[in-house]
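>>> using only what follows, build the 3D model:
(2 chains)
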Amino acid sequence: QQQVKQSPQSLIVQKGGISIINCAYENTAFDYFPWYQQFPGKGPALLIAIRPDVSEKKEGRFTISFNKSAKQFSLHIMDSQPGDSATYFCAASRRDSNYQLIWGAGTKLIIKP
Amino acid sequence: DARVTQTPRDKVTEMGQEVTMRCQPILGHNTVFWYRQTMMQGLELLAYFRNRAPLDDSGMPKDRFSAEMPDATLATLKIQPSEPRDSAVYFCASGWREDTEAFFGQGTRLTVV
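All right, here's what the predicted structure looks like:
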């Protein structure tokens, strides 16, 4: 119930293409869903986050799509660039557990020039 | 610019030795997290503090790990005695609240031989 399942484990996309990473959860009490981006040798950094009262949030080339009924959310990266090559983590948390983040396993994204 | 500072960046130590990792959270942040990252387990929350008080350290092996915040500008994570299975990257992160952005440091890469 506490898990967040992330797929795929790795992804290769051509420059200019759309990168899509998916996450699924079981616990309907989750109410905060962030995506973090991590470059080699660095700590994760918040990319974009969503709460379940909206179905989509867009920031630049990055979009979160949220499907509450399916208990799924996904990250779309439009016009993917080599600089987007990184590991992406989804996470989920809920108020009644002090918003302790439950992390997905990560997706290593490679954008081919 | 404001950032979370972790020291040391790299640490190689022999099994059985004490290891101390330090973290300076962003000034004004009242929530501090310690995470461990490995290829096998991904990101694991070890402990977190709010206003310097430990709120959750259930992810931490109690017999050898300890985490403290002697003051608002310093968080420490100690391992005594260290074991080869403790080899990982340890991240400190800080934030305003648990449900807002967590700012990660660059991590301490620990190798126990």
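>>> the particular helix or strand that has B:L110 in it: partners in the sheet, and parallel or antiparallel?
Using DSSP states H and E, B:L110 maps to strand B:108-112. In the sheet, strand B:108-112 lines up against strand B:10-13 (parallel), strand B:88-95 (antiparallel) (DSSP bridges).
>>> got the contact list for that strand?
Under the criterion C-beta atoms under 8 Å, 6 or more residues apart in numbering or on different chains, residues B:6-15, B:17, B:19, B:21, B:79, B:82-90 lie in contact with strand B:108-112. To be clear about C-beta, it is placed using only N, CA and C from the backbone, and glycine gets the same treatment.
>>> quick one: buried ones out of the residues you listed?
Listed as buried from the contacts of strand B:108-112 are B:6, B:11, B:13, B:19, B:21, B:79, B:82, B:86-90; burial here means 16 or more other C-beta atoms under 10 Å in any protein chain shown.
>>> mind putting the strands paired with strand B:108-112 in JSON lines, mean pLDDT and distance to A:S19 included?
Formatted as JSON lines, these follow (pLDDT from 0 to 100; distance: least, C-beta to C-beta, whole Å):
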{"stretch": "strand B:10-13", "mean pLDDT": "98", "distance to A:S19": "31"}
{"stretch": "strand B:88-95", "mean pLDDT": "95", "distance to A:S19": "24"}
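>>> closest to A:E59 out of those?
strand B:88-95 (18.8 Å; C-beta to C-beta).
>>> chain B contacts on chain A?
A:32, A:34, A:41-46, A:49, A:89, A:93, A:95, A:98-101, A:103-106 (C-beta under 8 Å from any C-beta of the partner chain).
>>> let's see the pLDDT reported for residue 2.
By default, I'm working from chain A. Per-residue pLDDT puts A:Q2 at 69.
>>> switch to chain B, please.
80.
>>> pretty sure it contacts B:I26?
Yes: here B:A2 reaches B:I26: they are 4.6 Å apart, a contact under C-beta atoms under 8 Å.
>>> before we move on, back to that, so can I have CSV of the buried ones among the contacts of strand B:108-112 showing distance to B:W34?
Listed next are the buried ones among the contacts of strand B:108-112 as CSV, based on distance: C-beta to C-beta, whole Å:
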residue, distance to B:W34
B:Q6, 10
B:K11, 15
B:T13, 18
B:V19, 13
B:M21, 8
B:I79, 11
B:S82, 15
B:D86, 13
B:S87, 16
B:A88, 11
B:V89, 12
B:Y90, 7
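>>> quickly list what residue 19 is bridged to.
All of this is about chain A. Counting by DSSP bridges, the residues bridging with A:S19 are A:I77.
>>> meant chain B actually
Beta-bridge partners of B:V19, as defined by DSSP bridges: B:I79.
>>> any idea how far it is from chain A?
19 Å (C-beta to the nearest C-beta, to the nearest Å).
>>> tell me the contacts of that residue?
B:11, B:13, B:78-80, B:82, B:86, B:110, B:112.
>>> also A:S55?
A:65-68.
>>> which non-adjacent residue is nearest the closest residue to chain B within chain A?
Nearest residue of chain A to chain B, counting by C-beta to the nearest C-beta: A:G43, 2.9 Å away. Leaving out its chain neighbours, the residue that sits closest to A:G43 by C-beta to C-beta, 6 or more residues apart in numbering or on different chains is B:F104, at 2.9 Å.
>>> buried residues of stretch B:40-60, list them for me.
B:42-43, B:45-50, B:56-57, B:60.
>>> contacting residues around it?
In contact with stretch B:40-60 (C-beta under 8 Å, 6+ apart) are residues A:44, A:89, A:98, A:100-101, A:103-106, B:30-38, B:65-67, B:69, B:71-72, B:75, B:77, B:90-91, B:98.
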